[in-house]
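*Asks:* Sequence below, structure please.
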Amino acid sequence: MNNEYFNWEFDVNTFKLIGSGLISDKFTAVIELVKNSYDANATEVRIDFKNTLSTNKGSITISDNGIGMNKEDIAKKWMRIGTNSKRTDTHTPVPFNRVYLGEKGIGRFAIEKISDHIIMQSKQSDSDTIHQLTVDWSIYEKENNTATPTLFTSIGNKYEKTDKDEFLTKSGTKLHFTKLKDIWTDKDIIRLKRELAKLVSPLNKINKYGFKIFVKAQLVNQLFDISDYEEVINQSLSYASNVYTVSFNDNLQEELHFNDDTKSMEILHTQIRNFGPVKIHIYHFNSDDKRKFKLAYRAKELKIDGFKIYRDGILATPFVETASVDDGVDSYRDVLGIDKRRWSNFFGKISSHDFIGIIEITKKDNPKIKDLTNRQDFEDTEEYRKFKDFIFEQIKQIEAKLQFEKELQRQNDQSQIEEAQNEVQDIREQLNSLITRDPSLKENIEPMFQYLKNVDNALQISNKEINELNSTLERKEELYHSLMSLQEYAADLAHMVRNSLDKILSISRYFVKHLGDSKLFNKSKMLNNELIKLREDVNYMLTYAESGHKLKQFDLSELMLKVFEAYNDGLHEEGIKVELIKPDSFVVTHVETFIRDVFNNLISNSRRSLSKIESGNKLIKCTATKDDNEFTIIFSDTGIGVDDAIKEKIYDRYFSTTKDEGGSGIGLYVVKNNLKTLNGTIELIESEFGNIGCSFKITIPIKKVEING
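*Replies:* Numbering: from 1, shown residues only. As a prediction, the model looks like this:
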C-alpha cells in the first residue's frame with residue numbers, strides 16, 4: 001500500500017485569526033495579559049501608558065514580578081500555540097498554588113491586538129540573564145500580502161540575551177508595546193482601570209500572597225512626567241441596602257425562596273444541579289443607597305452593574321464593556337439576560353443597575369460552564385442554560401420580596417395618613433371639650449383650630465396624591481395605547497400630505513422649466529425650493545409615524561452597535577476605522593427609528609468630514625457610559641472639525657456646509673429634536689483628539705426616560 005500522510009500547515013494569516021479574530025477588543029487584550037501574570041505567580045502587575053494619543057509615538061508597558069521564563073520556556077511554551085502545560089498542571093507552583101486561568105494557549109496572542117511591535121523581556125530569580133524576544137507583526141503582514149505567503153511557523157522572531165533593561169524585581173516578565181493599533185485616551189484608561197478592578201473578586205483575596213494591579217498614565221501637557229502608579233481596587237460592595245447569599249454544603253444547594261405566608265425570605269436546601277454547586281452574593285441597592293454609592297465612587301468610575309461570574313476567584317466573563325460590532329451584542333455584557341427579561345414587563349423587575357452580583361464557580365466543581373474563546377460569554381450548553389435559569393429564579397424571589405415591601409410601604413403610608421387624620425379629629429374634639437368646660441379658654445384655643453384645619457387639609461392632599469400615585473401604572477399603560485393610536489393617525493395624515501405635495505411639485509417644476517425668460521422665474525424657483533423642503537419634512541415625519549415603527553422596548557446601546565454594523569463595509573472601503581465602547585444594557589420604551597437616525601446622521605456627517613482628510617488616521621469613536629442618572633454618549637471623529645464661526649448654527653434646520661456633497665441641512669436638526677423626545681441633549685464639546693476632529697456629547701436622563709417612556 002502506498003499511503004501518504006499530510007501535516008497541518010498554518011498560513012501566515014494565522015496571527016490575525018487568533019489575535020484580532022478571537023480577542024474582541026484592546027481592553028480584553030490587556031486583561032488577558034494581566035491574567036497571564038496571575039498564572040505566573042505574580043503578586044504585582046504594573047501597566048504604564050505613555051503618549052498614547054498617538055499610535056506612532058505612544059507605548060504601553062506591562063510588567064510583573066512573576067516567576068519569569070528562561071530561553072526554553074519562551075521557545076517551547078510561550079511560542080507554542082495551544083501548549084498543554086497548564087492542562088497537565090492545574091495549579092501554579094508552590095507556595096501560591098493558584099488555579100491556572102489560561103489553558104487554551106492563545107491568550108498571548110492578545111499582544112497582536114495591542115500593537116505591531118512588541119519586545120518581551122523575562123528573567124528568573126536564579127539567574128541574572130534577561131531573555132529578550134522581539135515580535136514584529138508588520139513582517140507577518142507583509143508576507144501575508146505576497147502572492148506566495150510564507151507559512152506562519154516559518155517566520156522567525158529575534159531572540160537575544162541582554163542586560164539593557166534593569167528589572168526592579170528578582171524575577172518577572174515585561175512586555176513593551178510600540179506602533180500601537182489604537183490610540184488610548186484618558187477615558188479609555190479610566191475604563192480599563194474600572195474593568196481591571198473587577199478582575200479579582202472583592203470577596204476573595206486570592207490567598208495570603210495577594211494580587212495587585214497598578215496603572216500609570218502619563219499626564220498630558222506636562223514638561224516632566226509627574227504621574228505615578230495607581231492601584232486599582234474594587235470597593236463596590238459598600239452601601240448595599242440588602243445582601244442575599246446562596247451557598248452549598250453536604251451535596252445540597254441552597255436557594256432563595258420568598259414565603260408568601262410568612263412574608264419572609266427563606267433558604268431552601270435542594271439537590272445539586274447538573275451544572276454543579278454555586279455560591280451567589282447579591283448586593284441590592286435602594287434609591288437612597290444608589291445616590292450614596294454614586295457620590296462615594298464617581299471619581300473611581302465604579303458602577304452598580306449586575307452580575308459578574310468569578311471562577312476560582314478571578315473574573316470569568318463578561319470581561320469589559322466594549323465589543324467590536326463583529327462580535328454581535330445579543331449575549332454581550334448582560335450575558336445572563338437580566339435586563340432583557342424586563343422587556344415584557346419592567347414594572348416590579350429589578351435591572352442590573354439595582355444590584356451587584358457575585359457568582360462563584362470553580363473549574364473543579366463546574367467543568368461544564370466553559371468560556372467562549374473570545375471571553376465574552378460561555379459555551380451554550382444544557383448545563384449553562386440550567387445555570388442561567390437558576391440565577392433567574394433567585395432574582396425572582398428577591399423581586400417578590402421587594403414587591404411585598406413596596407406594597408407594605410404603600411399601605412403603611414396610607415395608614416399613617418389616616419391615623420394622623422383621626423388624631424387631628426381627636427385633638428379638635430378635646431379642645432371643644434375644654435371650651436365647653438371653660439368658655440374663657442376659647443379666645444386662646446381658637447388659633448389652634450385654624451392650625452388643625454391646615455394640618456387636616458395637608459393630610460387630605462397627601463392622601464389624594466398617594467392615591468394618584470398608585471394609579472400611575474394604569475395611566476401609563478393607557479398612555480402607551482393612546483400614543484400608538486396617535487402615531488397611526490400621524491402616518492395617515494403624512495401620507496395624504498405627501499401625495500398632495502408630489503402633485504404640487506410637478507406643477508412647480510413645470511413653471512420653473514417654462515418661465516426661464518419670465519419675470520416670474522425667480523418666484524417660481526423659490527416656490528419649488530420651499531416645496532422640496534416641505535416634502536423633506538413630511539418624509540421625515542412619515543419615517544417615524546409608519547406602523548412599522550411603533551413604540552417598543554429595545555436596548556439603546558445594542559441598537560447603537562447594530563447601526564454601526566450596517567456601515568461596516570462602506571467605512572472600511574473609505575479607510576475609516578471605527579472604535580466602539582459599549583456600556584451596560586440601557587432598555588428604553590420608544591420609537592426605535594428615532595434613535596437609529598441619531599446615529600445615522602452623526603455617522604453620515606463624520607464620513608463627509610473624514611473624506612476631506614488626505615492622510616492620517618481616519619477614525620470614528622463612539623463611547624457610551626452610564627450611571628444612575630444619565631446615559632452619556634461621546635461621539636467623535638478625527639475629521640476637519642467644526643469652524644468656530646458656525647458652532648451656533650449647526651443645529652439649525654437647512655443649515656449645511658456640504659450641500660454640494662449631498663448634505664440636506666437637517667441632519668443635526670433631526671438629531672437634536674429626536675433626542676428631545678427622550679429628554680436628551682446634544683452639545684459640541686472639545687475634541688477628545690486634541691486639536692483635530694470634533695466631539696459631540698449626548699446626554700439622556702435615565703430616570704425621566706424610565707418614568708415617561
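*Asks:* can you list contacts of the one helix or strand Ile356 maps to?
*Replies:* Per DSSP states H and E, Ile356 falls inside strand 355-361. Strand 355-361 is contacted from outside by 201-204, 236-237, 240, 276, 278-285, 304-311, 313, 316, 369, 391, using Cβ atoms under 8 Å, 6 or more residues apart in numbering. No exception for glycine: its C-beta is placed from N, CA and C like everyone else's.
*Asks:* Walk me through which strands it pairs with, and which way each runs.
*Replies:* Taking DSSP bridges as the criterion, strand 355-361 forms sheet pairs with strand 279-284 (antiparallel), strand 306-311 (parallel).
*Asks:* now those strands as a markdown table including distance to Gln121, mean neighbour count and mean pLDDT?
*Replies:* Below are the strands paired with strand 355-361 laid out as a markdown table (distance: least, Cβ to Cβ, whole Å; neighbours: other Cβ atoms under 10 Å; pLDDT from 0 to 100):
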| stretch | distance to Gln121 | mean neighbour count | mean pLDDT |
| --- | --- | --- | --- |
| strand 279-284 | 40 | 21 | 92 |
| strand 306-311 | 30 | 22 | 86 |
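*Asks:* which one of those lies closest to Ala75?
*Replies:* strand 306-311 (29.9 Å; Cβ to Cβ).
*Asks:* what does that closest one rub up against?
*Replies:* Against strand 306-311 from outside (Cβ under 8 Å, 6+ apart): 99, 101, 198, 201, 204, 315-318, 334, 336, 338-339, 351-353, 355-363, 366, 369, 391, 584.
*Asks:* run the last query once more with 6 Å
*Replies:* Strand 306-311 is contacted from outside by 198, 201, 315-316, 336, 338, 352, 357, 359-361, using Cβ atoms under 6 Å, 6 or more residues apart in numbering.
*Asks:* next helix or strand past it?
*Replies:* Downstream of strand 306-311, the first helix or strand assigned by DSSP H and E is strand 314-317.
*Asks:* Which elements pack onto that next one?
*Replies:* For strand 314-317, not one helix or strand is in contact under the criterion 3 or more Cβ pairs under 6 Å, 6 or more residues apart in numbering; DSSP states H and E.
*Asks:* ok now it, how far from the chain's centre?
*Replies:* How far strand 314-317 lies from its chain's middle: 17 Å, per Cα atoms, centre = their mean, to the nearest Å.
*Asks:* repeat for stretch 40-50
*Replies:* Centroid separation between stretch 40-50 and its chain, computed with Cα atoms, centre = their mean, is 25 Å.
*Asks:* ditto for stretch 246-261
*Replies:* The answer for stretch 246-261 is 32 Å, by Cα atoms, centre = their mean.
*Asks:* And that stretch, what's buried?
*Replies:* 246, 248, 253-258 (16 or more other Cβ atoms under 10 Å).
*Asks:* do stretch 435-453 as well
*Replies:* So for stretch 435-453, counting by 16+ other Cβ under 10 Å, buried means 435, 452.
*Asks:* State the mean pLDDT of it.
*Replies:* Taken as a whole, stretch 435-453 carries a mean pLDDT of 80.
*Asks:* hmm, who's touching that stretch?
*Replies:* Under Cβ under 6 Å, 6+ apart, the answer for stretch 435-453 is 424, 428, 431, 434.
*Asks:* Leaving out chain neighbours, which residue sits closest to the first one?
*Replies:* Spelled out, that is Val424. Asp456 (5.0 Å; Cβ to Cβ, 6 or more residues apart in numbering).
*Asks:* burial of that neighbour, as a residue count?
*Replies:* Residues within reach of Asp456, counting by other Cβ atoms under 10 Å, total 15.
*Asks:* mind checking which helix or strand it is in?
*Replies:* According to DSSP H and E, Asp456 maps onto helix 442-470.
*Asks:* repeat for Leu192
*Replies:* Assigned by DSSP H and E, Leu192 belongs to helix 186-196.
*Asks:* Give me the sheet partners of the next helix or strand after that helix and which way each runs.
*Replies:* Counting by DSSP H and E, the next helix or strand C-terminal to helix 186-196 is strand 212-217. When sheet partners are counted by DSSP bridges, strand 212-217 sits next to strand 44-50 (parallel), strand 230-231 (antiparallel).
*Asks:* any chance of these in TSV, with mean neighbour count, distance to Glu530 and mean pLDDT too?
*Replies:* Converted to TSV, the strands paired with strand 212-217 look like this (neighbours: other Cβ atoms under 10 Å; distance: least, Cβ to Cβ, whole Å; pLDDT from 0 to 100):
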stretch	mean neighbour count	distance to Glu530	mean pLDDT
strand 44-50	21	54	93
strand 230-231	13	59	86
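*Asks:* Ala566 is nearest to which of these?
*Replies:* With Cβ to Cβ as the yardstick, what comes closest out of the strands paired with strand 212-217 is strand 44-50 (32.9 Å).
*Asks:* quick one: the closest one to helix 186-196, angle?
*Replies:* Between strand 44-50 and helix 186-196, the angle comes out at 170 degrees (axes from the mean of the first three to the mean of the last three Cα atoms, to 10 degrees).
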